[in-house]
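Enquirer: quick one: sequence plus predicted model below, questions after.
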Amino acid sequence: MRWRRRGAPLGHDLRARVVHEEIAFGSGIVAGASDNDPTTVATLAVIGSTTTYELGWLTLLIIPMLAVIQAVAAQVGAVSKRGLEDCVRAEYGRGWAFAALASLLIVNLLTLAADLEGGGAALGMLTSVPYQWWLIPLAALTVGVLIFSNYTAIERVLRYVTLLFLTYVGAAILARPDWHRVLLDSFVPHFSFDRNTVAGALALLGTTLTAYAYVWETISQSEEKPPLRRLGLVQVDATLGIVVAGLTFWFILIATGATLGVHHKTVQTAEEAAQALAPLAGKYAELIFALGLLGSALIAVPVIAGTCAYVAAEMFGWRRSLDASFNHARAFYLTLIACVAIATGIGFGGVKPITLLFSSGIAGGITTPFTMALMLLVARNSKTMGKHRIALWLTVSGWCVTGVVTLATGIYLVQTVAGG
């Protein structure tokens with residue numbers, strides 16, 4: 001983002017600077033909110049239906065864990081003025097950059113396919129039209145907005161779409177939970193080794209600590225190019241986005257736990273969760289849950305698709321910017337179109353949503369610790385960050401989070417190979 005529009009009078013500098021400040025604040029909200037995608041909603045619905053509120057404390061504990069990672073990502077993007085993939089290629093070579101690209105694309109394509117299905121399912125519930133009919137319109141809308149709009153406009157719209165997350169709060173209230181038990185389970189940590197509880201805890205860590213959210217944070221800051229005197233505000237913005245997403249996780253858990261969990265009605269998808277709410281909490285609960293699911297898809301799908309295009313362009317040195325025209329960033333936009341087309345094809349391939357959720361969860365669990373570690377190395381690299389390397393406490397916190405995710409992934413894979 002430029003301080004002054006090309007050709008604008010010098011007298012407009014101050015006003016342009018004020019606009020820039022306003023626009024830059026909010027990119028972290030979009031990046032954080034994108035973590036609450038339909039696959040995350042589905043995972044939380046499954047956890048709520050099987051464990052009720054038992055993992056409420058872990059849901060809240062994830063907020064500071066995510067905040068640490070997003071704060072690191074924000075500092076990397078703001079200081080280096082580059083996305084994570086670009087930083088890795090410049091400092092550690094094309095081999096490591098290609099490994100990061102491959103890991104990101106695999107999980108992003110699977111997640112994008114699952115999220116397109118989730119958005120289609122939400123529209124299907126709202127219109128009574130089968131979700132398959134909505135896959136191509138959603139894909140076309142995503143591609144059209146990303147190609148024919150610009151970064152600032154896209155970010156501004158997505159920022160307001162996050163208001164749809166308030167519907168999850170309404171769904172939780174309509175579910176009439178036992179608030180005493182909710183608060184007890186949320187603020188008094190306890191853990192049982194029941195199979196559902198262990199599986200739920202691992203799935204929760206795997207689906208929320210995903211790479212595309214923090215990679216997009218580095219990309220958004222490289223687009224915004226905020227002045228370094230605003231570095232603290234940039235990190236506050238990133239943290240605020242995670243708080244919004246994290247509290248949303250909590251309310252989804254309450255809504256599904258108070259209805260499905262209490263009545264021992266297990267579901268496997270967000271669509272099933274929304275439909276099951278109707279007889280237990282009323283038709284309005286189903287409708288507002290569906291609206292929240294739609295909002296989750298409308299934020300996550302463009303972010304994931306954009307991340308795919310950016311990391312590929314950074315790897316191969318192509319021009320990349322959502323502010324550039326199609327003719328000036330042809331390879332960038334063709335990559336974006338190809339990724340959305342592949343994800344849409346997967347949606348039409350007859351793959352069940354729960355299978356996509358499972359596959360993206362495994363892929364994300366394997367690749368996330370790798371990209372997270374690369375980002376922490378970049379964040380402490382004096383050549384890339386200069387005197388603005390991340391603080392020691394943030395470094396230690398980041399590696400602790402990486403260790404937790406790695407351990408959870410290891411346990412999850414051992415359980416999967418062993419058959420549960």
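Expert: Perfect, I can see it now.
Enquirer: got the contact list for Val157?
Expert: Counting by CB atoms under 8 Å, 6 or more residues apart in numbering, Val157 touches Val145. (Each C-beta comes from the backbone N, C-alpha and C, glycine too.)
Enquirer: make that Leu110, sorry
Expert: By CB under 8 Å, 6+ apart, the neighbours of Leu110 are 346, 356, 359-360, 363.
Enquirer: count the neighbours of the nearest residue to it once chain neighbours are set aside for me.
Expert: Nearest non-adjacent residue to Leu110, counting by CB to CB, 6 or more residues apart in numbering: Ser360, 3.9 Å away. By other CB atoms under 10 Å, the residues close to Ser360 number 25.
Enquirer: same question, Val396
Expert: Neighbourhood size, Val396 [other CB under 10 Å]: 11.
Enquirer: which parts of stretch 341-348 are buried?
Expert: Within stretch 341-348, the residues that qualify as buried are 343-344, 346-347, counting by 16 or more other CB atoms under 10 Å.
Enquirer: the residue nearest to Leu110 and Ala114: what is the separation?
Expert: 5 Å (CB to CB, to the nearest Å).
Enquirer: also Val404?
Expert: 24 Å.
Enquirer: who has more neighbours out of the two?
Expert: Ala114 (31 against 16).
Enquirer: check contacts around the closest residue to the more buried one other than its chain neighbours.
Expert: Nearest non-adjacent residue to Ala114, counting by CB to CB, 6+ apart: Leu356, 3.9 Å away. Counting by CB under 8 Å, 6+ apart, Leu356 touches 39, 110, 113-114, 117, 346.
Enquirer: so which strand or helix has the residue nearest to Leu110?
Expert: helix 353-379 (DSSP states H and E).
Enquirer: longest helix in the protein, by residue count?
Expert: As assigned by DSSP state H, the longest helix anywhere in the chain is helix 84-127.
Enquirer: and the next helix or strand after that helix, what's buried?
Expert: Once the chain leaves helix 84-127, the next helix or strand it forms, by DSSP H and E, is helix 132-148. Using 16+ other CB under 10 Å as the test for burial, helix 132-148 gives 134-135, 138-139, 142-143, 145-146.
Enquirer: let's have those residues in a markdown table, adding distance to Ser49 and pLDDT.
Expert: What follows is these, written out as a markdown table (distance: CB to CB, whole Å; pLDDT from 0 to 100):
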| residue | distance to Ser49 | pLDDT |
| --- | --- | --- |
| Trp134 | 25 | 91 |
| Leu135 | 26 | 91 |
| Leu138 | 26 | 92 |
| Ala139 | 30 | 93 |
| Thr142 | 30 | 91 |
| Val143 | 35 | 93 |
| Val145 | 34 | 89 |
| Leu146 | 35 | 91 |
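Enquirer: give the closest residue to Leu374 in space, chain neighbours not counted.
Expert: Val88 (5.4 Å).
Enquirer: neighbours of the one you found, how many?
Expert: For Val88, using other CB under 10 Å, the count is 28.
Enquirer: correct me, but it touches Ala97?
Expert: Yes - here Val88 reaches Ala97: they are 4.7 Å apart, a contact under CB atoms under 8 Å.
Enquirer: tell me which residues touch Met125, please.
Expert: So Met125 contacts 271, 274-275, 286-287, 290, 293 (CB under 8 Å, 6+ apart).
Enquirer: can you tell me which of the residues you listed end up in helices?
Expert: Among those, the members falling in helices (DSSP H) are 271, 274-275, 286-287, 290, 293.
Enquirer: pull the most distant pair out of those residues.
Expert: Glu271 and Leu287 (13.0 Å; CB to CB).
Enquirer: now Arg176: how far from Val198?
Expert: In this view, Arg176 and Val198 are 29 Å apart by CB to CB.
Enquirer: neighbour count for the two, which is higher?
Expert: Using other CB under 10 Å as the criterion, Arg176 and Val198 rank with Val198 on top: 17 against 14.
Enquirer: so which strand or helix has that one?
Expert: helix 195-208.
Enquirer: run the angle between that helix and helix 84-127 for me.
Expert: Computed by axes from the mean of the first three to the mean of the last three CA atoms, to 10 degrees, the angle separating helix 195-208 from helix 84-127 equals 120 degrees.
Enquirer: just checking, next helix/strand downstream of helix 195-208?
Expert: helix 211-224.
Enquirer: can I get that following helix in PDB? Just the C-alpha atoms.
Expert: What follows is helix 211-224, C-alpha atoms only, in PDB (Å, rounded to 0.1, in the frame of the first residue of the first chain):
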ATOM      1  CA  ALA A 211      -0.800 -22.800   8.700                       C
ATOM      2  CA  TYR A 212      -2.900 -20.800   6.300                       C
ATOM      3  CA  ALA A 213      -4.000 -18.300   9.000                       C
ATOM      4  CA  TYR A 214      -0.500 -17.200  10.000                       C
ATOM      5  CA  VAL A 215       0.900 -17.400   6.500                       C
ATOM      6  CA  TRP A 216      -1.900 -15.100   5.400                       C
ATOM      7  CA  GLU A 217      -1.000 -12.800   8.200                       C
ATOM      8  CA  THR A 218       2.500 -12.400   6.800                       C
ATOM      9  CA  ILE A 219       1.100 -11.800   3.400                       C
ATOM     10  CA  SER A 220      -1.400  -9.200   4.500                       C
ATOM     11  CA  GLN A 221       1.300  -7.300   6.300                       C
ATOM     12  CA  SER A 222       3.500  -7.400   3.300                       C
ATOM     13  CA  GLU A 223       0.700  -5.900   1.300                       C
ATOM     14  CA  GLU A 224      -0.100  -3.300   3.900                       C
END
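Enquirer: now for that helix, which elements pack on it?
Expert: helix 27-33, helix 56-80, helix 84-127, helix 283-316, helix 353-379 (3 or more CB pairs under 8 Å, 6 or more residues apart in numbering; DSSP states H and E).
Enquirer: point out where the stretch 201-350 of the chain drops to low pLDDT.
Expert: Applying pLDDT under 70 to the stretch 201-350 of the chain picks out residues 268-270, 275-283.
Enquirer: surely Ile62 and Thr208 touch.
Expert: Yes - counting by CB under 8 Å, Ile62 touches Thr208, with 5.4 Å between them.
Enquirer: all set now, cheers.
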